[in-house]
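[1] Kindly return the folded structure for what I paste below:
(chains A and B)
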There are 2 protein chains.
Amino acid sequence: MKVVIIGGSGHYGYALEGIKEDRNISITGIAPGSEGEDVNAVYQAACNLGHAPRIFDDYRSMLDEQKPDIAVVDCFFGYHAEVIKQVLKRGIHVFVDKPVAITFEELEELKEIYSKSDVYLAAMFGIRYSAHFMTAWRMVKEGVVGQIRLMNAQKSYKLGRRSGFYKSRSTYGGTIPWVGSHAIDWLYWFSGEKFVSVYASHSTRYNQDHGELEVSALCHFTLSNEIFGSVSIDYLRPGEAPTHGDDRLRIVGTRGILEVRNGKVFLINDEIDGIREVPLLSEQNIFLDFLKQVRGQGNCLVSAEDSFYVTEACLKARQSADEKKVIWF
Amino acid sequence: MKVVIIGGSGHYGYALEGIKEDRNISITGIAPGSEGEDVNAVYQAACNLGHAPRIFDDYRSMLDEQKPDIAVVDCFFGYHAEVIKQVLKRGIHVFVDKPVAITFEELEELKEIYSKSDVYLAAMFGIRYSAHFMTAWRMVKEGVVGQIRLMNAQKSYKLGRRSGFYKSRSTYGGTIPWVGSHAIDWLYWFSGEKFVSVYASHSTRYNQDHGELEVSALCHFTLSNEIFGSVSIDYLRPGEAPTHGDDRLRIVGTRGILEVRNGKVFLINDEIDGIREVPLLSEQNIFLDFLKQVRGQGNCLVSAEDSFYVTEACLKARQSADEKKVIWF
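    Here you go, the predicted model:
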């Protein structure tokens, strides 16, 4: 199976970790998603795994010449949609960093093209596959919290010095779609509900010379069945903190409350005394799950529909923050 | 100094704990805030402290006969405003449970009457005086997190079986004003900013036969200087949980992040490695602080202005949730 990689600016690591486990895959080509994008790091990483990809200047030529089975798309976030379009049009499966698009128009166009294709697409919601989130999700599906009523999600990152493309909305897309998308996905994935409305805010203040990049944001989602979900997002985690990110999720239900915090899962419910730390399942890899679907061996936990829907929710939240008004779905 | 107590439905404990420490105070009378309110528990508690209050049927007669220095108002929440009005009109200091009013009209009337009085009023934002919140607040004021950018507050309570007056908006006031008011106060008190807008949601579903009582709620505040604050509120804490309430506050600033959780305070900032648990200051008592102001010995940390302003914020949040629209201040 031939895989090419377009871009090297996001989470290509998910694909490489999966490919490391699968000897039937060959990384045959790498190209930037736009002129000037640096793909050296991803090229080195592929070589380190024993692959010998050819480097192309133009990803379209690469797709046409190599006719790969799968394209991993991982370019400047603002170019995801254009690249995916080119990939889908050629009947190639696509594993793409999130969000899949940064405008509603692009998103609609992608959905249209995808619906007419017979390939698969999944966005890199790889955090679903981490030991703690997977454990928490399975427990919630087993009913340990009863009916979900309220969810509080958190993404908190160190800012550091980001590449230039983070500084412009047109190449970066915004902090709600980039950082927030994971947490917005959790609300949707855990609850299994539909989004009804969103109200959001974001601010670029104190972004340490990062142009249009928002360093703080807050979203308030209403989902079907009067379920509410908050998403708190920041790039203000101090450089001295023990980890890069501080992902959290609190799920409040009619029977109990489950929390993901610090890579662990905690549960209080009507059957246990006190707070229980739950033993974790094994971490999985999203790209291997995607491969399974490509090979017709099952469904990837992240569907194309999920990828499009969560992107839509991100864009509506960003629109709400830009326009300071409630956006309805 | 003579103190009377009107009602026995909320946090009169704050006053009793303070009075226990002060031998110059005598609880001389107790009356319900409305017909049928049970004041037996507060009467017993006062007797246990060595006081011999007279019980009145009508608090107005009590105020007129006893001419107390201070009235502790702690009746059904929907009657706070009417009772305070009667107290203020008689030139008596008032220590009242929050919220001070459950309608905008009552609140405006109270502010008007208060502005013409020469007595003091403080609402029972007693959580400010707990060891963990006081410690956190002082640290934030000392600058350990730099400029505040984002705040996440949480109130989570066990529901149990509540008195009948909780089941009706007219006597209860709503979960955002009753439970949420503390957390809304934290946003205001910690940041020192003004509220700009609020978007909120609440739901009565799964309230286990508690009429109009909302068991889940979420508020999204924007404060001046593009500071955002979430308030998550629920009555869904399982009966088996180790404590009645799970109060939390996370303050994200330009230099660090401080958290109040589980009665403890945690800090990460640019001067320390890892996460530090901060040693706690001593718990204080809000009623003793109020007494200090009544005696002209200093200002109570909870001013009348704070009490009115946070009540306004609660009512605007409740209005937002009722009308499903953003409310501006």
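
[2] Can you show me the helices along chain A?
    According to DSSP state H, chain A carries its helices in the segments A:12-20, A:40-48, A:59-66, A:80-89, A:104-116, A:131-142, A:169-172, A:175, A:181-191, A:286-294, A:304-323.

[3] need those helices in CSV with mean pLDDT, distance to chain B and mean neighbour count, can you?
    Just so you know, the C-beta spots here come from the backbone N, C-alpha and C atoms, and that holds for glycine as well. CSV is the format used below for those (pLDDT from 0 to 100; distance: least, C-beta to the nearest C-beta, whole Å; neighbours: other C-beta atoms under 10 Å in any protein chain shown):
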stretch, mean pLDDT, distance to chain B, mean neighbour count
helix A:12-20, 97, 26, 21
helix A:40-48, 97, 28, 16
helix A:59-66, 98, 38, 18
helix A:80-89, 98, 27, 22
helix A:104-116, 98, 22, 15
helix A:131-142, 98, 14, 19
helix A:169-172, 98, 17, 18
helix A:175, 98, 12, 28
helix A:181-191, 98, 12, 25
helix A:286-294, 97, 28, 21
helix A:304-323, 98, 9, 22
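
[4] Let's have the ones you listed in CSV, adding distance to residue B:70.
    Formatted as CSV, the entries for the helices of chain A read as follows, by distance: least, C-beta to C-beta, whole Å:
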stretch, distance to residue B:70
helix A:12-20, 64
helix A:40-48, 69
helix A:59-66, 76
helix A:80-89, 65
helix A:104-116, 60
helix A:131-142, 50
helix A:169-172, 57
helix A:175, 50
helix A:181-191, 47
helix A:286-294, 63
helix A:304-323, 46
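
[5] Could I get the contacting residues of the spatially most central residue of chain A?
    Note on chain A: the residue nearest the mean C-alpha position is residue A:125, at 3.5 Å, using C-alpha atoms, centre = their mean. By C-beta atoms under 8 Å, 6 or more residues apart in numbering or on different chains, the residues touching residue A:125 are A:98, A:181, A:182, A:185, A:189, A:286, A:302, A:306, A:307, A:310.

[6] What is the burial count for the residue nearest to residue A:317 when sequence neighbours are not counted?
    Take residue A:317 and drop its neighbours on the chain: the residue closest to it by C-beta to C-beta, 6 or more residues apart in numbering or on different chains is residue A:200, 4.2 Å away. Other residues lying near residue A:200 total 30 when counted by other C-beta atoms under 10 Å in any protein chain shown.

[7] Closest to residue B:213 out of the contacts of residue A:125?
    Proximity of the contacts of residue A:125 to residue B:213 was ranked by C-beta to C-beta; the top entry is residue A:189 with 30.0 Å.

[8] tell me how far stretch A:52-67 is from the chain's mean position?
    How far stretch A:52-67 lies from its chain's middle: 25 Å, per C-alpha atoms, centre = their mean, to the nearest Å.

[9] What of stretch A:251-268?
    Taking C-alpha atoms, centre = their mean, one finds stretch A:251-268 lying 22 Å from the centre of the chain it belongs to.

[10] ok, the residue of chain A most remote from its centre - contacts?
    Of all residues in chain A, the one whose C-alpha sits farthest from the chain's mean C-alpha position, using C-alpha atoms, centre = their mean, is residue A:273 at 35.6 Å. With contact taken as C-beta under 8 Å, 6+ apart, residue A:273 is in contact with residue B:240.

[11] List the backbone torsions phi and psi for it.
    Dihedral angles phi and psi of residue A:273 (degrees, to the nearest 10) take the values phi -90, psi 130.

[12] ok, it to residue A:158 distance?
    As defined by C-beta to C-beta, to the nearest Å, residue A:273 lies at a distance of 38 Å from residue A:158.

[13] what's the distance between residue A:274 and residue A:266?
    Distance from residue A:274 to residue A:266, counting by C-beta to C-beta: 10 Å.

[14] who's more crowded, those two?
    Counted by other C-beta under 10 Å, residue A:274 and residue A:266 do not tie: residue A:266 has more neighbours, with 16 against 8.

[15] which residue packs closest to the more buried one, ignoring adjacent ones?
    residue A:259 is the one closest to residue A:266 (C-beta to C-beta, 6+ apart), at 4.6 Å.
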